[in-house]
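Participant: quick one: sequence plus predicted model below, questions after.
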Amino acid sequence: MKGSSEAPLAPSDEAEACAYVAEARGRKEALDIVGGGSRSGFGRPPEGRHALSSARLTGIVFHEPAEMTLRARAGATLSAIEAALDAHNQMLPFEPIDHRMLYGGGGEPTIGGLVATNASGPRRVSAGAARDSLIGLRLINGRGEAIASGGRVTKNVAGLDLVKINCGALGGFGLITEATFKLLPRPESETTIVIRRLDDAQAVAAMTQALGSPYGVSGAAALSAGMGREFSRTILRLEGFVDSVDQRAEKLLAALADFGAERVLGGEDSRRLWRGVRDAEFIAKPRERAVWRIGVRPSRAVEFVNRLGPTALAHFYDCGGGLIWLASDPTVESAAAVRAALVASGGHATLMRAPSPLRAAVDVFTPLSPPLAALTQRVKAAFDSDGLFNRGRMYAGI
Amino acid sequence: MSQIAFPKPDPKILARRDEIVAGLAAILPPDGVIADLAGRRAFETDALTAYRRVPLAVALPRSVEEVAATMKFCRDVGVNVVPRGAGTSLSGGAIPQEDAVVIGLSKMSRILEINLADRYARVEAGVTNLAISEAVAPEGFFYAPDPSSQLACTIGGNVGTNSGGAHCLKYGVTVNNLLGVRLVTLDGEVLDLGGPELEAAGLDWVGLVCGSEGQLGIVVEATVKLLRAAEGARPVLFGFDSADDASRCVAAIIGAGILPVAMEYMDRPAIAICENFAHAGYPLDVEAMLIVEVEGGEAEIAAELARIAAIAKAHNVRVTRESMSAMESAQIWKGRKSAFGATGRVADYICMDGTVPTGRLPEALRRVGKICAAYGLRVANVFHAGDGNMHPLILYDINDPAQQEKAEQAGMDVLRMSVELGGCLTGEHGVGIEKRDLMGDQFSAQELAQQMRVRAAFDPQWRLNPAKVFPLDGRAA
């Protein structure tokens, strides 16, 4: 892995960032965008010559509690944002994953990194992913121009939406400098229904029934035996005003009585459990294993895991079975097995954690069809014709 | 009459009309090509009826393969393409050009797959918005975006403009409920973007295509989220003596951590127009009215409505009327959803669609009133208050060219104001031709050029819906 031993370029405002990019363009030197460093293991290994850092682009631009919107600079830390929102009983709706559990602890999550990875959590079943709450951003493109897309209002269809294509693009189209989110009120209360000792198929059935119920389930996960308890646990979360949560929990418990639903967790016990689901804590160790994030239809989840057989060393389900966190050996053979199993089930897989050589050798993201690969090249060129930003982080050669 | 310019038709294409029609006829079945003038005229406009252009020909493919063959043919002969769903665009997004082939999706209206266990439906682009919800209603599910035109408008068009609706305050707009699209490019390639799984892997192509107004390709299929409906829902009407009280009440409800499924605003003229049409029991002697809807079980609804009513009381609400039956609820919504149609019975109107930050609503309402008064025009306001998406209906007489001109000017002033207040030109209707020439008010030249470069990655020849969205001058891609 090439890298620079020089100090990273750390612009303190957009104008300076534009100047750095223009300079790099002039010298045809690739840039490796860095934020707080907590997600640097995500994607293919960096190839850039100079690090371009958001570290000095910090601060909240505005937080309008009554409008439920917040705009922050890319280098603002998530902890600073969450503290500010907490003071007004608000939150980012999508429960962003903190990748430090997976990657081993270093760094500090930032807004820019969150956007670049579309970092989301269990609440995506009711509130969507980061891309659903991201309503505006600013970025510096490969020409060294500051470009705004979207804005600060939740409904906005003026022009092409360049916001969402940049959310999860791993910085490949430019340096994100600002992001604007819509917010949600922080729920007054949360309750988690726990069903013990279901097998995978029963767990998915219970989650499917819960998510297909009218009770507003905001988290549905299934943990294998050995993940925090010696027995398997299917967990279902309800959030909202206390009275509403209590009423819905009672109804959901009754609806799921056949599955043996009975135990209820509240408060910090519930919150701790969902943080673990969010951060993939249950398969983060042992550290040498590769970790995959797999999107399948819930009805195909169990057959997918079964098809993998011994390749799957450990797994748990989030999003009602629509998301599988899975550990494998960090080998080319295991990666091939995961890809092969997906062909039969449909869906997508991202190699979230593996040693750099493996991430350089196999597809980290689901491989593109030839027309889509060509389109990806053209869109990359539309933002960054000289290939300055994060070259090869998502797809080799792009 | 009109100030919105269309590109001059290409005489070379016009001269080749017979050849192009014959080429389409070789690809499509006999009822899939409309070439006669009377037939083509049915496609000359959409819901922005002040503008009309009769297209060169109309193609009505029945399958993805036929769409792909038609697109490839159009590319090969170098003719422009205007995609069309049901033609309900309020921004002129489906208005043709004389030298363009309309590709209509009306024959592709099948629901291909409903999967309640995995909570999605896959449908052809010509399926109407409401048809999806109707297909899954017996099992208690629904498709969330509900534009007022949902009885007629198609899912393909909804994707094109990222349609919203009254209930998107809680459930989001089309892009938040869209999992995948099948897109046919001008090259005739079929791209499957996203899919029924949660979140697209890799780049969010679905997010780029949604709201792109037919500029990147033709959406032939959509995979959409299905949601389980709440146990129950109930709207309540609040009448206020001042617009400010109503606007502040909206902000206070949100500020209290309450997120109703819908919060709709109507001013006095809009209330009168809608009540006269729908007999929904709206209070006629108030300056502003909110329709607030909450969902859940009976006890939850009662508790949440009590919280909301207390906030309304603190904001000097004068009339409160809770729906007492399903029929009453339907009447209340019928009044709101027929606002545009009911207004059309009273006067001609243009409907603006700017969004402003909700904190600026009182100011925005005052300024809209002033702008219209300065042109000597009446205005009725009916809009989604929870998200600041305003819909001033500027009333005029279409037979008076001077008035039409004034109405359009007033509309543009209103949209410029939306941008100036920190909002945008269009919340859910799209740019189309209507707001095309205002794009420079919202975006810098560099920003527009960036969008156009992305557009050109899909359509380097600018064949797809080319007169729309981007100002005609400065199109260096």
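Facilitator: Cool, the structure landed.

Participant: and the next helix or strand past whichever strand or helix holds B:Met412?
Facilitator: Assigned by DSSP states H and E, B:Met412 falls within helix B:401-420. Scanning forward in sequence from helix B:401-420 by DSSP H and E, the next helix or strand is helix B:439-442.

Participant: domain parsing for the chain?
Facilitator: Here I'm looking at chain A. Per automatic domain parsing, the domain ranges recorded for chain A read A:1-186+A:368-398, A:189-278, A:281-361.

Participant: looking at chain B here, not the other one
Facilitator: Listed domain ranges for chain B are B:11-104, B:111-228, B:233-339, B:347-420 (source: automatic domain parsing).

Participant: distance to chain A, mean pLDDT and mean neighbour count for the ones you listed - can I get that in TSV?
Facilitator: Where you see a C-beta, it was placed from the backbone N, CA and C, and this is true even at glycine. Shown next, in TSV, are the domains of chain B (distance: least, Cβ to the nearest Cβ, whole Å; pLDDT from 0 to 100; neighbours: other Cβ atoms under 10 Å in any protein chain shown):
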stretch	distance to chain A	mean pLDDT	mean neighbour count
domain B:11-104	9	97	20
domain B:111-228	3	95	23
domain B:233-339	3	93	20
domain B:347-420	4	93	21
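
Participant: in stretch A:206-224, which residues are buried?
Facilitator: Buried residues in stretch A:206-224, counted by 16 or more other Cβ atoms under 10 Å in any protein chain shown: A:206-224.

Participant: need the distance between the two termini of it.
Facilitator: End-to-end distance for stretch A:206-224, by Cα to Cα, to the nearest Å: 15 Å.

Participant: roughly how far is it from the heart of the chain?
Facilitator: The chain centre lies 20 Å from the centre of stretch A:206-224; the measure is Cα atoms, centre = their mean, to the nearest Å.

Participant: and stretch B:117-129, by the same measure?
Facilitator: From the chain centre to the centre of stretch B:117-129 is a distance of 18 Å (Cα atoms, centre = their mean).

Participant: what's the answer for stretch A:313-323, then?
Facilitator: Stretch A:313-323 sits 15 Å away from the centroid of its parent chain (Cα atoms, centre = their mean).

Participant: what about that stretch, how long is it end to end?
Facilitator: Span of stretch A:313-323 from end to end, Cα to Cα: 16 Å.

Participant: other residues contacting it?
Facilitator: Stretch A:313-323 is contacted from outside by A:122, A:124-125, A:200, A:203-204, A:207-208, A:210-211, A:220-224, A:227, A:277, A:282-283, A:289, A:293-299, A:301-302, A:305, A:324-329, B:118, B:197-198, using Cβ atoms under 8 Å, 6 or more residues apart in numbering or on different chains.

Participant: apply 6 Å and report the result again.
Facilitator: When contacts are defined by Cβ atoms under 6 Å, 6 or more residues apart in numbering or on different chains, stretch A:313-323 is touched by residues A:122, A:125, A:204, A:207, A:211, A:220-224, A:277, A:282-283, A:298, A:301, A:305, A:324-328, B:198.

Participant: which strands or helices does the helix holding B:Met412 pack on?
Facilitator: When contacts are defined as 3 or more Cβ pairs under 6 Å, 6 or more residues apart in numbering or on different chains; DSSP states H and E, helix B:401-420 packs onto helix B:361-374, strand B:392-396, helix B:439-442.
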